[in-house]
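Peer 1: Fold the following, please.
(4 chains, ligands or ions: 6)
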Amino acid sequence: MKKDLVQRKKGVFAARIISNHQFKGRFCRMSLELAGLGAEAFETVTPGQFAEFDLTCASLPSPEDVPVELRDAIERKILLRRPFSFSDVRIEDGRAIIDVLYAVVGAATVRMAGLKPGDEISVLGPLGNGFTIPVKKKLAILLAGGMGAPPIQHLAKVLAAGFKNIEVVTFAGAKSSDDMPFAVSDKNTAIGPAEFPDYGLEMLIATDDGSTGYKGLVTECFRQWLQTCEHKADDTIVFCCGPEAMLASAAKLCEAEGIECQVSMERRMACGTGLCQGCAVECGTGNSGQSVYQMCCKDGPVFDSKEVIFDL
Amino acid sequence: MKKDLVQRKKGVFAARIISNHQFKGRFCRMSLELAGLGAEAFETVTPGQFAEFDLTCASLPSPEDVPVELRDAIERKILLRRPFSFSDVRIEDGRAIIDVLYAVVGAATVRMAGLKPGDEISVLGPLGNGFTIPVKKKLAILLAGGMGAPPIQHLAKVLAAGFKNIEVVTFAGAKSSDDMPFAVSDKNTAIGPAEFPDYGLEMLIATDDGSTGYKGLVTECFRQWLQTCEHKADDTIVFCCGPEAMLASAAKLCEAEGIECQVSMERRMACGTGLCQGCAVECGTGNSGQSVYQMCCKDGPVFDSKEVIFDL
Amino acid sequence: MKKDVNITIDFAGLKLASPVFTASGTCGYADELADFMDINALGGFITKSITLLPRKGNPTPRVVETDAGMLNAIGLANIGLEQFIKEKIPLLEKMSAAIFVNVAGQKIEEYVQVTAELAKQPAIAGFELNISCPNVAKGGVHFGTDPAGVRRITEEVKKAAADKVLMVKLTPSVTDISVIAEAAVAGGADALSLVNTFTAMAIDTEKRRCVLANRTGGLSGPAIKPMAIYLVNKVYNEVTKKSGIPILGLGGIKNASDAIEFMLAGASAVALGTYNFIQPARAIEIVDGIGEYCRRNGFDNVHQLTGALE
Amino acid sequence: MKKDVNITIDFAGLKLASPVFTASGTCGYADELADFMDINALGGFITKSITLLPRKGNPTPRVVETDAGMLNAIGLANIGLEQFIKEKIPLLEKMSAAIFVNVAGQKIEEYVQVTAELAKQPAIAGFELNISCPNVAKGGVHFGTDPAGVRRITEEVKKAAADKVLMVKLTPSVTDISVIAEAAVAGGADALSLVNTFTAMAIDTEKRRCVLANRTGGLSGPAIKPMAIYLVNKVYNEVTKKSGIPILGLGGIKNASDAIEFMLAGASAVALGTYNFIQPARAIEIVDGIGEYCRRNGFDNVHQLTGALE
Ligand SMILES: Cc1cc2nc3c(=O)[nH]c(=O)nc-3n(C[C@H](O)[C@H](O)[C@H](O)COP(=O)(O)OP(=O)(O)OC[C@H]3O[C@@H](n4cnc5c(N)ncnc54)[C@H](O)[C@@H]3O)c2cc1C
Ligand SMILES: Cc1cc2nc3c(=O)[nH]c(=O)nc-3n(C[C@H](O)[C@H](O)[C@H](O)COP(=O)(O)OP(=O)(O)OC[C@H]3O[C@@H](n4cnc5c(N)ncnc54)[C@H](O)[C@@H]3O)c2cc1C
Ligand SMILES: Cc1cc2nc3c(=O)[nH]c(=O)nc-3n(C[C@H](O)[C@H](O)[C@H](O)COP(=O)(O)O)c2cc1C
Ligand SMILES: Cc1cc2nc3c(=O)[nH]c(=O)nc-3n(C[C@H](O)[C@H](O)[C@H](O)COP(=O)(O)O)c2cc1C
Ligand code: FES
Ligand code: FES
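Peer 2: Ligands and ions are numbered 1, 2, ... in the order given. Below you'll find the predicted structure:
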């Protein structure tokens, strides 16, 4: 089975856009298809892993079609790939289909939003280490903050499909309803993004301004919920992805409660493959008081929250 | 009529691609449409004028779809606009339609070939000075070498349409049949590109390798033809566009024969508007033996051949 | 909501309509740009380098594109002092922007002579001393790399400039630009402009020849911006902040956001160079964009941006 | 039709499989790149800078993209000499490419100590002396700008390097790079590599803060290529051509065509840096592309390209 192993390693693959559309404000969904070796490489992706997309070949829209605040930014001649995690990866007819949920925030994502079905981009991946699901847990709590949603969605699906004995509760937070990177039910309550209910999972929503769901930080919503939770800390695990402040506060809470917590970190990346040492995440080294930098792309992006010294 | 004048001045305009396709080897034809002020500005274009296209926004094809010899070149992050003359400009329903005939030769033209109907690019123009048609001439000889064809086609049409009293003979040359930037009749004789016969003009073709028409340089073909020509030198004018060596040899021949000759020059351009002084064409200053640099973009691109000191 | 922002600036004693200039050698003699924008909203306008005698400049090719940049080796092509006064001053007189004449030469005496002659012209607000052009065999960048030389030429030209503003344009290609800036200030410079282009080369691999007839050229455009920002910030912190001498920042500016980077780094005004070629109305769009930025961020006076980097 | 081209080269006495290296700090410890290509077709492999003691490097953000380039301020993060020998040498031993260890430090003694220790390792072919890193407070680029200092450090390290090849990596940010190159050669350098990154800065205008935690960083990538080509050509013409010392050319190489530009300008070999991040198999594609170019242009030996500029 040596051949098999070699073929499944990460690589640079051509991916074809199947669909790509802006569905709400600056948020877009894109599906990509990889065949052959690419499909094999992406077959075994775990939630939290990511890929680096080369968007330099994509066209730029007319300035009028670009939000005013991005017009200067998009004139930069881009060079580097961009990291994206997946909201789902599946195999259909021997091809890997990758779903990406993304926000248009700058020079590369503006170009990305202009990709059309049939267009091809170069994808480097899969990269990094995803979430680890310890089979003996009984409760998994998923926390998604803002654009941290995609890998959490991916994880929710994997848990629903393959870990029937683990109960899953999901929390999603954002500044306001408009900043939720998915559709929210018009009941303005804790009924979640399109995908989550599909997986039959419980979902709670929090917004800073109360425009949907709980009014306040998602970590505060989670904290209150936890007080009513009947599972033992030992049987529980928390998975988070979102802004660093949110990860830090979830980590602190979990540490206090003795709950295992995995956080997916984000850093500016030049390579995504461990070559450049650009994506440093400061991590403690036991009780020595010393710290080292680990690489977000290679050692992460998912870390045990107790290791990370958050950069706030 | 002051307002009119102001509106017709050159400017930066959005142009919409109407059609764009590769029709033979590396040669493509594109039609663009300009509305409003753009249409007014381009209404009065004369053959030999040009515009600067911003192609930085256009997408890049997959490397496999690019000729091997261009694969490295197209990785350059392009910055500057690119100059193109027109093979035709016409007004339809108040819009200006511009036809461009171009060759895919590098980073910008590869992107250009990927533009699709409906896409928009920014066009700066019209620029430079085109050919001047002295009404009292009786014979106009048009010489097109390789990619020098577009403005000559444009000129042929204008002559056919508006100067019935001027007889027109066209010569088109290239290295070989494949390097002719237009379809050639399968009779392998002096029957010309698609557009020329439409205008009812006589057309002679020369190829260095004899693959179509006269075997030899187009200027040599012209020289031989001239010996049989019955018009007086004074009644004759020659218009040329093509490689500098061809222009130089046509200029020399015309000077010897006492025939007026206008040449359309090509230079690497950074601005196209006279700002950078990059596109210098060396020109004599009468009998002083002195020379000055004139700007191809602003003083040309069409020059009286007697002025130019060719750079060979 | 729209707060009134004052975008006029005081630049070495000159009252300018805005902090945006067009850079020497990239804006013709203003008539070319006037086709595309209202040039009176510009704060300043800097001519192509003027030398005592007319210069043809270098043979062609003189320009070539590189990644996010371009090389030029124009070679200080210009019509010379006499014709400049006769033909161009009347054009420039009509502009409301402050006119700076960029002065170049092969010997100090030449700089002095050109400056002294032009100092008599009321249409001219000041001079930009080009001791940093990489594209000429003599003079140019050679003057700009030796501190004692910089000080001396600045002193001499300052005398010739009489009551006009003297701005010294620095080359980026030195080990420590602050030493050169210090020398220019010591010599009496009223303002500094940085940066000029970086010496560079492009090779045509098929012909195995340099693309430019002059072999080397000056690199400009977005590619150089991060280096230019660094150099402006360095000179601001180490030299001009304490002496109060304004910096004209340039090098790779594309848009208002880039211009603001320069101001935050320490520039009092900015100049647009290569991008004039791509978007000939961009200089004015930058004026508007800077005003917009001030409004959005609660600055009521554009000069508050200068050095406002945390 | 396909002529056999010899793409092996002699580089300062080392027989290399090809003239293509991967550049320090951009290729990990080789295992990362091995996922993407056959690293044995590389001529040489240069490690991240190694210092005597481990260095954490700078806080984050350490990288930011700029037009056609990027800034990095990694800060010489590395595991230190001891761990390098224990953990990385066994990995590197398996490679057939010539292994160069990039050596950095804050004092000459540190450079000497690291070099002397590593000179005992048979897996190592040579050293690249980093006297040009812009991202550390002490040492780094400061060593690289003073000719006397460059000569001294080269002499000292040369002794410690024993029979290994000593390559000195030059900073581009000096007034006259040939003076520095001359000093390195006088100090006993067996080869020169140029260029390292250019000091630069990027500002986040919304936060009014430098993007990099370290404020400044080193500019690399396609943006710098025309400057790097010029500097290689200058050092080749003025210094190494006569002394026969080979140059490793780098700075902004994207593909074979860029690599060939460097060789025509005077480099004997080239190194790929930033582009490893974008196309991790590119170094090998460049090896192939150079061979193809030689074939097409009638060169039967790749070394014929060196300095073949008209
Ligand atoms: C492992 C990983 C997974 C990711 N997954 C997703 C995803 O699924 N969906 C999604 O929309 N985005 C995701 N991102 C973020 C995404 O990579 C960036 O939004 C994208 O690179 C922005 O590119 P741009 O050129 O459009 O914006 P730029 O012009 O590069 O930047 C826009 C703004 O964002 C800031 N910025 C850019 N990158 C970072 C960064 N890494 N950290 C902090 N600030 C930054 C810039 O300062 C600027 O203000 C992920 C990032 C990482 C590291
Ligand atoms: C006034 C004018 C009118 C033109 N009209 C047309 C036209 O109608 N149709 C058309 O196909 N082309 C025309 N051109 C040429 C066209 O501008 C170039 O082919 C185009 O800019 C190439 O861009 P690129 O990025 O694809 O190639 P690049 O990568 O820039 O260059 C490709 C190759 O061409 C060479 N090259 C590029 N520009 C020039 C130049 N100006 N002079 C000499 N060599 C050069 C380069 O050295 C390189 O070998 C015209 C040029 C001028 C100045
Ligand atoms: C084509 C061209 C010509 C130039 N000519 C001059 C000149 O004559 N004198 C001068 O001091 N600078 C000259 N410069 C330098 C510019 O004024 C400016 O310093 C440089 O281009 C950096 O700015 P940019 O990146 O915005 O172009 C020239 C630049 C270009 C591109
Ligand atoms: C992320 C990064 C880290 C680097 N680290 C080092 C280093 O440790 N030592 C060194 O001598 N050069 C280092 N360099 C410089 C490169 O080796 C090279 O000189 C420079 O990047 C120019 O080449 P490029 O444009 O191909 O990247 C680094 C460059 C980058 C981009
Ligand atoms: S992004 Fe380069 S090491 Fe992580
Ligand atoms: S192209 Fe700039 S002056 Fe002609």
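Peer 1: quick one: stretch A:305-312 near chain D?
Peer 2: Yes: Stretch A:305-312 is in contact with chain D by Cβ under 8 Å from any Cβ of the partner chain, via A:D311. For the C-beta atoms, the positions are set from N, CA and C on the backbone; glycine is no exception.
Peer 1: For that stretch, measure first residue to last.
Peer 2: For stretch A:305-312, the first-to-last residue distance is 15 Å (Cα to Cα, to the nearest Å).
Peer 1: try stretch C:164-179
Peer 2: So stretch C:164-179: terminal residues 25 Å apart, Cα to Cα.
Peer 1: Is any residue of it near chain D?
Peer 2: Yes: Stretch C:164-179 comes into contact with chain D (Cβ under 8 Å from any Cβ), by way of C:173-176.
Peer 1: Mind checking which of the residues you listed are buried?
Peer 2: C:173-175 (16 or more other Cβ atoms under 10 Å in any protein chain shown).
Peer 1: ok, so of the residues of stretch C:164-179 next to chain D, who is nearest ligand 3?
Peer 2: Closest approach between these and ligand 3, by Cβ to the nearest ligand atom: C:S173, at 12.4 Å.
Peer 1: per-residue confidence for that closest one?
Peer 2: Turning to C:S173, the model gives it a pLDDT of 90.
Peer 1: ok so it is a strand residue?
Peer 2: No: with DSSP: H, G, I helix; E, B strand; the rest coil as the criterion, C:S173 is assigned coil and is not in a strand.
Peer 1: buried ones in stretch A:126-146?
Peer 2: Neighbour-count burial for stretch A:126-146 flags A:126-131, A:133, A:137, A:139-146 (criterion: 16+ other Cβ under 10 Å).
Peer 1: what mean pLDDT does it have?
Peer 2: For stretch A:126-146, mean pLDDT is 93.
Peer 1: what about it, near chain D?
Peer 2: No: shown here: stretch A:126-146 not in contact with chain D (Cβ under 8 Å from any Cβ), separated by at least 10.2 Å.
Peer 1: Would you mind measuring the gap between the ends of that stretch?
Peer 2: Separation of the first and last residues of stretch A:126-146 by Cα to Cα is 23 Å.
Peer 1: Mind jotting down where the helices sit in chain A?
Peer 2: Secondary structure of chain A (DSSP state H): helices located at A:2-8, A:36-42, A:107-113, A:149-162, A:195-198, A:218-227, A:244-257.
Peer 1: closest one to chain D among those?
Peer 2: Proximity to chain D, assessed across the helices of chain A by Cβ to the nearest Cβ, is greatest for helix A:107-113 (8.1 Å).
Peer 1: tell me what the closest one is packed against?
Peer 2: strand A:11-24, strand A:27-34, strand A:82-85, strand A:95-103 (3 or more Cβ pairs under 8 Å, 6 or more residues apart in numbering or on different chains; DSSP states H and E).
Peer 1: for the record, mean pLDDT for the second one?
Peer 2: Model confidence over strand A:27-34 averages 95 on the pLDDT scale.
Peer 1: Grab the nearest non-local neighbour of A:T212.
Peer 2: Leaving aside its sequence neighbours, A:T212 sits nearest to A:S177 (Cβ to Cβ, 6 or more residues apart in numbering or on different chains; 4.2 Å).
Peer 1: Please report how far the residue of the stretch 51-200 of chain A found nearest ligand 1 lies from ligand 2.
Peer 2: Closest residue of the stretch 51-200 of chain A to ligand 1, Cβ to the nearest ligand atom: A:G106 (2.2 Å). Computed as Cβ to the nearest ligand atom, to the nearest Å, the A:G106 to ligand 2 distance reads 26 Å.
Peer 1: Same list, the helices of chain A, but as TSV with distance to B:A251 and mean neighbour count please.
Peer 2: Listed next are these as TSV, based on distance: least, Cβ to Cβ, whole Å; neighbours: other Cβ atoms under 10 Å in any protein chain shown:
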stretch	distance to B:A251	mean neighbour count
helix A:2-8	64	10
helix A:36-42	57	20
helix A:107-113	47	22
helix A:149-162	65	23
helix A:195-198	71	18
helix A:218-227	77	18
helix A:244-257	69	19
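Peer 1: burial of the closest residue to ligand 4 within the stretch 51-200 of chain C, as a residue count?
Peer 2: Residue of the stretch 51-200 of chain C nearest ligand 4, by Cβ to the nearest ligand atom: C:D67 (10.5 Å). Using other Cβ atoms under 10 Å in any protein chain shown, C:D67 has 28 other residues around it.
Peer 1: Pick out the most distant pair among the buried residues of stretch A:126-146.
Peer 2: The span of the buried residues of stretch A:126-146, defined through Cβ to Cβ, is set by A:L127 and A:L139 at 29.3 Å.
Peer 1: quick one on the thing from earlier: please determine how far the residue of the stretch 51-200 of chain C closest to ligand 4 is located from chain B.
Peer 2: Per Cβ to the nearest Cβ, to the nearest Å, C:D67 is found 5 Å from chain B.
Peer 1: residues from the stretch 151-300 of chain C in reach of chain A?
Peer 2: Residues of the stretch 151-300 of chain C lying near chain A (Cβ under 8 Å from any Cβ): C:222, C:254-258, C:289.
Peer 1: Which helix or strand in the chain has the lowest average pLDDT?
Peer 2: Going with chain A. Ranked by mean pLDDT, DSSP states H and E, the weakest helix or strand in chain A is helix A:2-8, scoring a mean of 42.
Peer 1: Chain C is the one I meant
Peer 2: Taking mean pLDDT, DSSP H and E as the measure, chain C has helix C:31-34 as its least confident helix or strand, at a mean of 84.
Peer 1: so where's chain C shaky on pLDDT?
Peer 2: Applying pLDDT under 70 to chain C flags residues C:1-3, C:133-142.
Peer 1: Tell me which residue of it lies closest to ligand 1.
Peer 2: Proximity to ligand 1, evaluated over chain C using Cβ to the nearest ligand atom, is greatest for C:S257 at 11.0 Å.
Peer 1: Helix, strand, or coil at that residue?
Peer 2: Under three-state DSSP, C:S257 falls in the helix class.
Peer 1: count of residues packed around it?
Peer 2: Neighbourhood size, C:S257 [other Cβ under 10 Å]: 21.
Peer 1: Isn't it up against A:I74?
Peer 2: No: counting by Cβ atoms under 8 Å, C:S257 stays clear of A:I74, with 10.6 Å between them.
Peer 1: how about the closest residue to chain A within the stretch 51-200 of chain C, what does it touch?
Peer 2: Closest approach of the stretch 51-200 of chain C to chain A (Cβ to the nearest Cβ) occurs at C:A68, with a separation of 4.3 Å. Listed by Cβ atoms under 8 Å, 6 or more residues apart in numbering or on different chains, the contact set of C:A68 reads A:77, B:77, B:79, C:221-223, D:67-69, D:222-223.
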